[in-house]
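Engineer: Provided below for reference: sequence and predicted model.
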Amino acid sequence: MTILPKQQLPLISAKQLTCIREDRILFEQLNVQVNAGDIVQIEGPNGAGKTSLLRILAGLSQPYEGQVFFSDNKKIIAIGEDREQYHQNLLYLGHLPGVKGEMSASENLTFNLALHGMNTDEVDKDLAAVNLLGFEDSLAAHLSAGQHRRIALAQLLSSQAKIWILDEPFTAIDKQGVENLEQLFLQHAKQGGCVILTTHQDLNIVKENLKKITLAYRFY
C-alpha cells in the first residue's frame, strides 16, 4: 500500500500487466495510469486484447502477471485488497448491452440501476435523454440493437461512479448519439471522473482531453 499526496493519486493504475489467452500473449509488462479528468481510448485490431484489458482494469478478470490499483483519495489500494469499495466507484458496461427482451425499456434501466445501487427516481428522464422518449413501456424484444445500447448507456446519466469502463459504447449508435456520448464523457471528466473505453472510430475530442493505449495483435 502506497501513500501519496492527494493531488497525485490516480483514480486507477496498473503495473506490469501481462495477459495470456489460449497460450498467446496479448500484451505484457503494460503500465497504465488514469487520472481524474482523463478520457482513455484503448485501440487496436480485433484479437489484440482490448476487451481483456478492460476486464482486468474492471477487476472482472485476473492478469497472468501484474496488479491493478485504485485510490480512495487517501492512498493507493490494490483491487484485491478491497474489491467491494472499488466496484462501488466503478461503472462497467460490456460489449453486450445486458438488456432483457421480456422487460420493458423502463424496467431494464430500473433493474440495472438498482443492481449498481444507483438512483432509480429519474428513469423516464434518463430514457428521454438518450432519445427513447415514447419507448419507456415497450418490450426490449421489440426494440432495435441501437435502442438496446441506449438503454444500457442511460445508466451513465445517473451514475455517481468516478470510473467508467466502457466496451465499444458507440456500437449501433447513430451520429447524433455518438456526439451526445462524447459530450457526456467530457462532462464526466471535467467533474473529476475518468472514462476508459474501446472503440474503432476516431473520437471528436481534443488531444488535451484524450489519451490512447494502442495494443498490437501478437502471433505468439
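Structural biologist: Nice, I can see it.
Engineer: what's the domain layout of this protein?
Structural biologist: As given by automatic domain parsing, the domain ranges for the chain are 1-89+162-220, 98-160.
Engineer: okay if I get the ones you listed as JSON lines plus mean neighbour count and mean pLDDT?
Structural biologist: For glycine as for every other residue, the C-beta is placed from the backbone atoms N, C-alpha and C. Shown next, in JSON lines, are the domains of the chain (neighbours: other C-beta atoms under 10 Å; pLDDT from 0 to 100):
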{"stretch": "domain 1-89+162-220", "mean neighbour count": "16", "mean pLDDT": "92"}
{"stretch": "domain 98-160", "mean neighbour count": "17", "mean pLDDT": "93"}
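Engineer: just say helix, strand or coil for the residue nearest the centre of the chain.
Structural biologist: Most central in the chain under C-alpha atoms, centre = their mean is Ile165, positioned 1.5 Å from the mean C-alpha point. Per DSSP: H, G, I helix; E, B strand; the rest coil, the secondary structure class of Ile165 is strand.
Engineer: thought it was touching Ile196?
Structural biologist: Yes. In this structure Ile165 lies within contact range of Ile196 using C-beta atoms under 8 Å: 4.9 Å.
Engineer: for this structure, which helix extends over the most residues?
Structural biologist: helix 175-190 (DSSP state H).
Engineer: just how off-centre is that helix within its chain?
Structural biologist: 13 Å (C-alpha atoms, centre = their mean, to the nearest Å).
Engineer: compute the inter-axis angle for it and strand 163-167.
Structural biologist: Here helix 175-190 points in a direction 150 degrees away from that of strand 163-167 (axes from the mean of the first three to the mean of the last three C-alpha atoms, to 10 degrees).
Engineer: after helix 175-190, next one along is what?
Structural biologist: Where DSSP states H and E defines the elements, the next helix or strand beyond helix 175-190 is strand 194-198.
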